[in-house]
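1. fold the stuff below for me.
(chains A and B)
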Amino acid sequence: MEQIQNIYRVVNNEKLCPQFWRLSFDAPLLVKKVQPGQFVHVRTAEGLEPFFRRPFSVYRAQRYMEIFYEPIGPGTRLLTSKQKGDTIDVLGPLGTPFVLPPQGIQQVVMISGGIGIAPMLILSDVLKKKNYDLILLYGGRTRSHVYPMKEFKDNGVKVHIATDDGSAGNKGRVSVLFDKIKFNPESTFIYTCGPNPMMKAVQDFANKNGLKGQAACEEVMACALGACLGCSIETKHGYKTVCYDGPAFDLDEVLFH
Amino acid sequence: MINLSVKIANAVFKNPVTVASGTFAHAEKYYNLEEVKKLGAIVPKTVTLHAQVGNPPARIWETPAGMINAIGIENPGIDDFIQKKLPNLKKIGVPLILSVLGQDSGQFMAIIEKLNTQQDIAALELNLSCPNLNHKILVAQDPQATQELVSKIKAISKFPVIAKLSPNVTDIGEIALAAEAGGADAVSLINTLTGMAIDIRTRKSRIGNFMGGLSGPAIRPVAVAMVHKVYQSVKIPIIGMGGIANANDALEFIIAGATMVATGTINFINPRASLEVLEGIKTYMHDNDIVDIKELIGSLNR
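-> Numbering: from 1, shown residues only, chains lettered A, B, ... in the order given. Presented below is the predicted three-dimensional model:
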């Protein structure tokens, strides 16, 4: 039986913009297996500090596995020191992936805040083969949270950007971009990932307009295998683990706080 | 050929390495079962009489070389456990030590009676020490309550009984002695230490249930000292745990007096830790010309 945990070789680790980095590692079996919305659980330290592994959405899986991250804590900061040829200890791929759009959907709107853009590229890689009208609404705090997003554009995704301070794109939260799109309950499907208050705003908007979708959630994780039950969140159907029942949930299922 | 087998009452384990309750199940499908089969025993997450939904998030928080948890024994309840979980756990083919918890002795008895109808259970571990259920005092903080409860359960259980002890006491030796007096076939220790972390920005606890239990390598020296202390006070076997991350850590517990050892929190960081512990113990025995693990148990030089 195949191991869920393995040591892989880093092939690239680069800063994409002042805030975000991308790390690629060579894992052909994972590339073959992973589905959009799934994640990997990475041991960033050799020793016990920081103690937990860190979960990362898979950003892309083409030749290599790619994760997209923001160095903001001790684990993610350590990750920036990885260089080509170094090894990386990875568990995965893990979790319940995104459900693909149901029959009749023509327009897919991805709504992300900050690092919540991470699962959307691999999603667009899969969806572009099916002739959807693909749109990305991206909100960042400042222009240092914005990068060219060329891969999205290459996938035919129409990208709209907002920043809290207006230093790039429209000024305001990602919700200011909702007016840019003509949503249709019959033919639009939403994917969202970002801070909980943002996803709550997306959920409210979707409910008001009769739109369906999926949300990729985040929580502090220990095992990431559904064993410790540490990453549970509240849903309409009780507590569910982000690592095992999620990260992808029906947008209207999660009770965001 | 080295002998790694150990016994608790009439239950035989092919080696002394197991996993701490709450850190393994119900993740059966993710583990390489061929590897899991090498373990001496498996201890699934604690089961209660009725289903419990667990505590509100956040349930865990990372700390230096460890974590605080307040999961709140989320579990399907004993009936569902027997029906849906137990058959698959049995299929693994490793002796099962089932961790159980009642809110009072009546609930404990009801759980034991239900399990008495089952076969192929190596032993029961009484969780007398979960810190996350908002009880004012734990059974394992009161020697008399420990002795009374253990003796009631021993009177009806067809399986060997292990008392899981709390480190949140003045003298764990006294509690272990009470468990032994009540007829316990073994004690397991330690459960988590009461812990807390505060978000200084919001001035709120990091944990939804306010307080939690601290585990991981941070608590290992406390656990080793407690195993040593309990080994001085009782004759029954000890299952030692608390921050074991590798074979050297496990050997400390065995030398201090543990008959079996369990990996816990480290399973979340290194899912293969328990197997590495087992291999490392074998290597140590080989390198030190020890043919029987029993030679090592409590072999501390003074």
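
2. switch to C-alpha atoms for all contacts and neighbour counts from now on
-> Will do.

3. what's the closest non-adjacent residue to the closest residue to chain A within the stretch 101-250 of chain B?
-> Residue nearest to chain A within the stretch 101-250 of chain B (Cα to the nearest Cα): B:Pro217, separated by 8.3 Å. Of all residues not flanking B:Pro217 in the chain, B:Gly243 sits nearest, at 3.7 Å (Cα to Cα, 6 or more residues apart in numbering or on different chains).

4. pull out the buried residues from stretch A:64-79.
-> Neighbour-count burial for stretch A:64-79 flags A:Tyr64, A:Met65, A:Glu66, A:Ile67, A:Phe68, A:Tyr69, A:Glu70, A:Gly75, A:Thr76, A:Leu79 (criterion: 16 or more other Cα atoms under 10 Å in any protein chain shown).

5. nearest to chain A: which residue in the stretch 201-302 of chain B?
-> Closest point on the stretch 201-302 of chain B to chain A, by Cα to the nearest Cα, is B:Phe268, at 4.0 Å.

6. any low-confidence regions in the stretch 51-200 of chain B?
-> Counting by pLDDT under 70, the ranges of the stretch 51-200 of chain B that qualify are B:131-135.

7. near chain A, which residues of it?
-> Within reach of chain A by Cα under 8 Å from any Cα of the partner chain, the stretch 51-200 of chain B has these residues: B:53, B:56-66, B:69, B:71, B:74.

8. among those residues, which are in strands?
-> B:Ile60, B:Trp61, B:Glu62, B:Thr63, B:Gly66, B:Asn69 (DSSP state E).

9. for chain A, state which of those residues is nearest.
-> B:Ile60 (5.5 Å).

10. my guess is the closest one meets B:Ile207, correct?
-> Yes. Look at B:Ile60 against B:Ile207 with Cα atoms under 8 Å: they come within range, at 6.5 Å.

11. shared neighbours of those two, which are they?
-> Common neighbours of B:Ile60 and B:Ile207 (criterion: Cα atoms under 8 Å, 6 or more residues apart in numbering or on different chains): B:Asn69, B:Ala70.

12. which one's more surrounded, these two?
-> B:Ile60 (27 against 24; other Cα atoms under 10 Å in any protein chain shown).

13. list the contacts for that one?
-> Contacts of B:Ile60 by Cα under 8 Å, 6+ apart are A:Val220, A:Met221, A:Ala222, A:Gly230, A:Cys231, B:Met67, B:Ile68, B:Asn69, B:Ala70, B:Ile71, B:Ile207.

14. with B:Ile281 instead?
-> B:Ala247, B:Asn248, B:Ala250, B:Leu251.

15. three-state assignment of B:Ala155?
-> Recorded secondary structure, B:Ala155: helix (DSSP: H, G, I helix; E, B strand; the rest coil).

16. what about it, how many residues nearby?
-> B:Ala155 has 11 nearby residues by other Cα under 10 Å.

17. and for A:Asp250?
-> By other Cα under 10 Å, neighbour count at A:Asp250 equals 17.

18. then B:Asn55?
-> 20.

19. my guess is it meets B:Ile71, correct?
-> Yes. Applying Cα under 8 Å, one finds B:Asn55 in contact with B:Ile71, separated by 5.5 Å.

20. how about B:Pro95: what's its closest non-neighbour residue?
-> B:Ala41 (4.8 Å).

21. ok, the nearest residue to A:Pro50 once chain neighbours are set aside to A:Ile122 distance?
-> Sequence neighbours aside, A:Gly75 is the residue nearest to A:Pro50 in space, at 6.0 Å (criterion: Cα to Cα, 6+ apart). As defined by Cα to Cα, to the nearest Å, A:Gly75 lies at a distance of 24 Å from A:Ile122.

22. just the pLDDT for B:Phe24.
-> The model reports B:Phe24 with a pLDDT of 81.

23. shouldn't it be within a helix?
-> No. Using three-state DSSP, the assignment for B:Phe24 is coil, not a helix.

24. got a list of what it touches?
-> When contacts are counted by Cα under 8 Å, 6+ apart, B:Phe24 touches A:Ala227, A:Cys228, B:Ile42, B:Val43, B:Pro44, B:Lys45, B:Asn267.

25. now with 7 Å?
-> B:Phe24 makes contacts with A:Ala227, B:Pro44, as judged by Cα atoms under 7 Å, 6 or more residues apart in numbering or on different chains.

26. on the three-state scheme, A:Lys200 is what?
-> helix.

27. surely it touches A:Glu253?
-> No. Using Cα atoms under 7 Å, A:Lys200 makes no contact with A:Glu253, being 11.2 Å away.

28. out of these two, which sits in the more crowded spot?
-> Between A:Lys200 and A:Glu253, counting by other Cα under 10 Å, A:Lys200 is the more crowded of the two (20 against 15).

29. so where is the stretch 1-150 of chain A shaky, pLDDT-wise?
-> Residues of the stretch 1-150 of chain A meeting the criterion pLDDT under 70: A:1-3.

30. show me which of the contacts of B:Ile281 are buried.
-> Buried among these (16+ other Cα under 10 Å): B:Ala247, B:Ala250, B:Leu251.

31. those residues in helices, which ones?
-> B:Ala247, B:Ala250, B:Leu251 (DSSP state H).

32. the second one is in contact with B:Ile244, isn't it?
-> Right, B:Ala250. Yes. When contacts are counted by Cα under 7 Å, B:Ala250 is listed as touching B:Ile244 (5.8 Å).

33. could you find the closest non-adjacent residue to A:Tyr244?
-> A:Gly95 (4.7 Å).

34. do B:Ile175 as well
-> Using Cα to Cα, 6+ apart, the nearest residue to B:Ile175 is B:Pro143, at 4.9 Å.

35. what is the neighbour count of that neighbour?
-> Count around B:Pro143 with other Cα under 10 Å applied: 20.

36. what's the mean pLDDT across stretch B:283-295?
-> On average, stretch B:283-295 scores 97.

37. er, stretch B:259-268 I mean
-> 96.

38. so where do the strands sit in the stretch 101-250 of chain B?
-> For the stretch 101-250 of chain B, the strands defined by DSSP state E, counting those that start in this stretch cover B:123-127, B:161-164, B:186-189, B:193-195, B:198-199, B:204-205, B:212-215, B:238-241.

39. and B:Glu34, what does it touch?
-> Applying Cα under 7 Å, 6+ apart, no residues qualify as near B:Glu34.

40. that's a helix at it, yeah?
-> Yes. Using three-state DSSP, the assignment for B:Glu34 is a helix.

41. my guess is B:Ser151 contacts B:Ala181. True?
-> No. Contact between B:Ser151 and B:Ala181 fails when scored by Cα under 7 Å: they sit 8.0 Å apart.

42. give me the more crowded residue out of these two.
-> The neighbour comparison of B:Ser151 against B:Ala181 (other Cα under 10 Å) goes to B:Ser151, with 20 against 17.

43. the nearest residue to that one once chain neighbours are set aside: neighbour count?
-> In space, and not counting its chain neighbours, B:Ser151 is closest to B:Gly182: 4.3 Å by Cα to Cα, 6+ apart. Using other Cα under 10 Å, B:Gly182 has 23 other residues around it.

44. surely B:Gly182 touches B:Glu148?
-> Yes. With contact defined as Cα under 7 Å, B:Gly182 reaches B:Glu148; the gap is 6.3 Å.
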